[in-house]
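**Q** Have a look at this prediction, sequence included:
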Amino acid sequence: MGSPNIAIVGNGNLAWHLSGVLGDRAVVASRSASASTVTYQALAGMSLDAVFLAVPDNRIAQTSEELSGLLPPTLPVFHTSGATPADRISNRFCHRGVLWPIRSLRRGEPVTHWRDLPLVIYATTEPAGQLLRRLAGDLSDSVTWLDDRQRAQLHLAAVFSNNFVTALYEIAFQLCRQHDIPFELLLPIIRHTAGSQDGQRPALRQTGAAARGDSATMDRHLSLLDQPEYQKLYRDISHLILQYRLSEHDPHLGRDANDDLEDEGVA
Ligand SMILES: NC(=O)c1ccc[n+]([C@@H]2O[C@H](COP(=O)([O-])OP(=O)(O)OC[C@H]3O[C@@H](n4cnc5c(N)ncnc54)[C@H](OP(=O)(O)O)[C@@H]3O)[C@@H](O)[C@H]2O)c1
């Protein structure tokens, strides 16, 4: 067993996963050392190839600044945030970059197939890029190079496809619970809908009352919702679904979709 050559700074969710998959190659540095971690100062005496920052997004600048007083400026430093530009890392380090796993990661919930987990990478210099490609390729078969602007857009898209969808599941859960219906009855359709995404436009697979323009069913649904914000959400998303349906046939029609919705009694 050799000495660790990769430092992970921070000891939260991401660090738990990254240190698990890197095994003996990694050492975790924490603000307060424990049996399984070292201090930031202890990193100064180690022979490291790279540092991964696994601290909150708003601590990347300050933590890297603090580390720059301890570590050589030529040591590549990567953060792990989807939404944060690489240059948020202190410019006292010449090789900076990002490794962002597209997954919600929680301590104690192991990733079953790391090699299937998509990793987005970016580096500010060629040597850092080469190192990062190699490290990321050791972990996953899905490694994609995206610059800061693209990664920020992808992070935003992940909010729609992950966080917002989970919020909609929560509404479904509440509706079921209020009426003594097992939420589990919806799990097969939830899994089927997610599993049937194949990289094509999701709108092409859309079904349901709004996609059919079935205003009678939509009115019934609205009358069953007693919370105004859920009624608004129902109307707004139904608008979107109909806009997508119209733009599917003729991209210019999408502009006038609100008029069509009013005609169909959804507005
Ligand atoms: N969790 C995810 O799902 C996920 C997925 C992709 C990317 N990421 C990225 O991974 C990075 C870390 O996220 P995380 O979910 O692992 O965060 P987290 O669970 O909150 O852990 C962050 C760790 O940073 C350290 N830290 C250093 N300074 C801190 C400060 N001032 N306040 C609080 N903690 C501080 C703490 O460890 P010590 O106290 O031991 O130093 C803390 O455990 C973020 O950039 C995030 O965007 C997270």
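**A** Looks like it arrived, so ask away. Numbering: from 1, shown residues only.
**Q** Tell me who's in contact with whatever residue of the stretch 1-150 of the chain ends up closest to the ligand.
**A** Proximity of the stretch 1-150 of the chain to the ligand (Cβ to the nearest ligand atom) peaks at residue 12, 1.8 Å away. Heads up, the C-betas are built off the backbone N, CA and C, glycines and all. Listed by Cβ atoms under 8 Å, 6 or more residues apart in numbering, the contact set of residue 12 reads 54, 55, 56, 107.
**Q** Likewise for residue 94?
**A** 73, 74, 125.
**Q** any idea how far the last one is from residue 200?
**A** In this case it means residue 125. 37 Å (Cβ to Cβ, to the nearest Å).
**Q** what number of residues lie near the nearest residue to residue 84 once chain neighbours are set aside?
**A** Of all residues not flanking residue 84 in the chain, residue 57 sits nearest, at 5.0 Å (Cβ to Cβ, 6 or more residues apart in numbering). Residues within reach of residue 57, counting by other Cβ atoms under 10 Å, total 14.
**Q** show me where pLDDT drops low in the stretch 51-200 of the chain?
**A** Of all residues in the stretch 51-200 of the chain, none has pLDDT under 70.
**Q** how about the helices of it, start to end?
**A** 60-68, 126-139, 148-158, 165-178, 187-195 (DSSP state H, counting those that start in this stretch).
**Q** Let me have those in TSV, extended by distance to the ligand and mean neighbour count.
**A** Formatted as TSV, these follow (distance: least, Cβ to the nearest ligand atom, whole Å; neighbours: other Cβ atoms under 10 Å):
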stretch	distance to the ligand	mean neighbour count
helix 60-68	6	19
helix 126-139	13	16
helix 148-158	9	15
helix 165-178	13	12
helix 187-195	18	11
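**Q** CSV for those, including distance to residue 226?
**A** Formatted as CSV, the helices of the stretch 51-200 of the chain follow (distance: least, Cβ to Cβ, whole Å):
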stretch, distance to residue 226
helix 60-68, 44
helix 126-139, 48
helix 148-158, 32
helix 165-178, 9
helix 187-195, 24
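**Q** So which bits of the stretch 1-150 of the chain are right by the ligand?
**A** 10-15, 30-31, 54-57, 59, 63, 79-81, 100-101, 104-105 (Cβ under 6 Å from any ligand atom).
**Q** Now which of these would you call buried?
**A** Neighbour-count burial (16 or more other Cβ atoms under 10 Å) applied to those gives 10-11, 14-15, 30, 54-55, 63, 79-81, 100-101, 105.
**Q** care to break this structure down by domain?
**A** 6-146, 152-263 (automatic domain parsing).
**Q** Go through those domains and pick out the most buried.
**A** domain 6-146 (a mean of 17; mean count of other Cβ atoms under 10 Å).
**Q** isn't residue 101 right next to residue 117, touching?
**A** Yes - between residue 101 and residue 117 there is a contact under Cβ atoms under 8 Å: 5.7 Å.
**Q** for this structure, what's the longest helix?
**A** helix 228-249 (DSSP state H).
**Q** Give me the packing partners of that one, helices and strands only.
**A** Contacts defined by 3 or more Cβ pairs under 8 Å, 6 or more residues apart in numbering; DSSP states H and E place helix 228-249 against helix 209-212, helix 215-224, helix 257-263.
**Q** follow-up on the earlier one: the helices of the stretch 51-200 of the chain: which one's closest to residue 24?
**A** Nearest of the helices of the stretch 51-200 of the chain to residue 24, taken as Cβ to Cβ: helix 126-139 at 13.1 Å.
**Q** pretty sure residue 20 is touching residue 108, no?
**A** No - using Cβ under 8 Å, residue 20 makes no contact with residue 108, being 10.4 Å away.
**Q** still on that earlier bit, right, and the pair among the buried ones among the residues of the stretch 1-150 of the chain next to the ligand with maximum separation?
**A** Longest span within these, Cβ to Cβ: 30 and 100, 21.6 Å.
**Q** mind checking the end-to-end distance for stretch 157-176?
**A** 28 Å (Cα to Cα, to the nearest Å).
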